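**Q** What would the 3D arrangement of this be:
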Amino acid sequence: MVKSQRSTVNGAKLWTLDFGLLTLDFGLLTLDKFMKKILLRFLSLIVSLLLAGLWIILNPHPAFAQVNTINYSNMSLENRDFSNIDLTGVTFVAAEMRGTNFQGSNLTNAILTKGVLLKANLEGANLSDALVDRVTMDGANLIKRFLKLL
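**A** I've put the predicted structure just below:
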């Protein structure tokens, strides 16, 4: 059975835990508010760093560069036919893709940043985990794509 005892020696609070064969003494020093804030911030920094390290170690999807990717950055791909093609991880950064046909294509993890997809056909295209950022899609066919998500 554990016995706990609290006492005060020279103004400092002491806790004593008696486990029978082992006795532990904990001295609790009185700290001013400023020191408590610094100690709390330091401990929160340590906890944050430990959690970040744990997240990096346990992340199931590490951020490795893809080996066999195709890069269509800054290219003119007007009226091209990419229908029913596996375009996983392909990069289309700032590509001109007016009237391009992506019907039934697999665009998983594709990067379509700053692209122009005016009147493009994306019917049935798989855009899972694709980065579609600042893309102009006026007149693009996305209706069946959104109906599949619903």
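
**Q** Can you get me a residue count around Thr113?
**A** The tally of other residues near Thr113 (other C-beta atoms under 10 Å) stands at 16. Where C-beta positions appear, they are placed from N, C-alpha and C, glycine not excepted.

**Q** My error: substitute Leu127 in the last question.
**A** A count of nearby residues for Leu127, using other C-beta under 10 Å, gives 19.

**Q** ditto for Phe82
**A** Using other C-beta under 10 Å, Phe82 has 22 other residues around it.

**Q** Let me know whether it touches Phe102 as I believe.
**A** Yes. With contact defined as C-beta atoms under 8 Å, Phe82 counts as touching Phe102 (5.1 Å).

**Q** What about the nearest residue to Leu77 once chain neighbours are set aside, how many residues nearby?
**A** Nearest residue to Leu77, sequence neighbours excluded (C-beta to C-beta, 6 or more residues apart in numbering): Met97, at 4.8 Å. A total of 27 residues lie near Met97 under the criterion other C-beta under 10 Å.

**Q** surely Met97 meets Gly115?
**A** Yes. Under the criterion of C-beta under 8 Å, Met97 makes contact with Gly115 at 5.8 Å.

**Q** in the protein, which spans are helices?
**A** Applying DSSP state H to the chain gives helices spanning 33-58, 143-149.

**Q** Between the ones you listed, which one is closest to Val90.
**A** helix 143-149 (17.4 Å; C-beta to C-beta).

**Q** Averaged pLDDT, the closest one. What do you get?
**A** Mean per-residue pLDDT for helix 143-149: 54.

**Q** and what of stretch 114-132?
**A** For stretch 114-132, mean pLDDT is 91.

**Q** So for it, what gets flagged as buried?
**A** Of all the residues in stretch 114-132, those buried under the rule 16 or more other C-beta atoms under 10 Å are 115-118, 120-123, 125-127, 130, 132.

**Q** where among the helices of the chain is the average confidence lowest?
**A** Sorting those by mean pLDDT places helix 143-149 lowest, at a mean of 54.

**Q** domain parsing for this protein?
**A** Here the domain parsing of the chain from automatic domain parsing is 1-29, 70-150.

**Q** Which of the ones you listed comes out lowest on mean pLDDT?
**A** Lowest mean pLDDT within these: domain 1-29, a mean of 58.
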